[in-house]
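*Asks:* Quick check, what structure comes out for this input:
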Amino acid sequence: MTVVNWLLAHGWVLVLLGALAGSAGGGLLHHRRRRSRWEAVRRQGLRYGLAHLDALHHSRFEDAVRDLMRRDGCREAVRVGGGGDLGADVKATDPYGRRWVIQCKHQRSGLAGSAVGTPDLQVLNGTARQVHGADVAVIVTNGRVTAPAVAFAAQQRLHVVDRHTLAVWASGSRPLWELLRAVPPPRKPTALS
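*Replies:* Sure, this is the predicted structure:
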């Protein structure tokens, strides 16, 4: 009875609690709608063939990588590539709470194009964690990667998705984190972990 009398005397507390409850409910509804949209994309079974990926413009290739991350259940997967992207073309958060920063290197000629080299990985290494807060830093190409670049990536805990790995991932067989070695453990426990 004392609490009720106090609440009646301090009506602003009830208004504040009502506003907080309304805000929380709105946020929950927004989150559920967004998750539903992503699940719809995933159910569509988005798949790409290498010939299709090769034919894309480099910006559409970045869109395709973003869409593959969304297909695999990543929330907030966005394409941020362009001038001044500081080595990040796609950013995403996977269902385990890990933050992904992906640099895309599209080769119009596929394997016949120039190879991704160590300088490309050095840019990713210099910005992914420090600037973008990545837990997982990845370079994705529809082409090839030089042996020194692969060695550098292993030393720096960077992940390389070459043409072969891209083909497996784009075919829809498994999410990217199941195809890569030594991906950091989940940030937070989830129903999936």
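*Asks:* Can you classify the residue positioned nearest the centre of the chain by secondary structure?
*Replies:* Among the residues of the chain, the one closest to the centroid is residue 92, at 2.3 Å (CA atoms, centre = their mean). What DSSP: H, G, I helix; E, B strand; the rest coil gives for residue 92 is strand.
*Asks:* Go ahead and confirm it touches residue 73.
*Replies:* No: taking CB atoms under 8 Å as the definition, residue 92 is not a contact partner of residue 73, at 9.7 Å. C-beta coordinates here come from the backbone N, C-alpha and C atoms, glycine included.
*Asks:* Residue 63 versus residue 45, what's the distance?
*Replies:* In this view, residue 45 and residue 63 are 18 Å apart by CB to CB, to the nearest Å.
*Asks:* Give me the more crowded residue out of those two.
*Replies:* When residue 45 and residue 63 are compared on other CB atoms under 10 Å, the one with more neighbours turns out to be residue 63, at 16 against 8.
*Asks:* Surely the more buried one touches residue 79?
*Replies:* Yes: under the criterion of CB under 8 Å, residue 63 lies in contact with residue 79, with a separation of 5.7 Å.
*Asks:* In this protein, what residue spans correspond to strands?
*Replies:* Assigned by DSSP state E, the strands in the chain fall at 75-79, 90-93, 99-105, 136-141, 159-161.
*Asks:* Residue 10 is nearest to which of those strands?
*Replies:* With CB to CB as the criterion, residue 10 lies closest to strand 75-79 of the strands of the chain, at 38.8 Å.
*Asks:* That closest one vs strand 99-105, what angle?
*Replies:* Computed by axes from the mean of the first three to the mean of the last three CA atoms, to 10 degrees, the angle separating strand 75-79 from strand 99-105 equals 30 degrees.
*Asks:* and strand 75-79, what does it pack onto?
*Replies:* Using 3 or more CB pairs under 8 Å, 6 or more residues apart in numbering; DSSP states H and E as the contact definition, the elements that strand 75-79 packs against are helix 11-43, helix 58-71, strand 90-93.
*Asks:* go with 7 Å
*Replies:* helix 58-71, strand 90-93 (3 or more CB pairs under 7 Å, 6 or more residues apart in numbering; DSSP states H and E).
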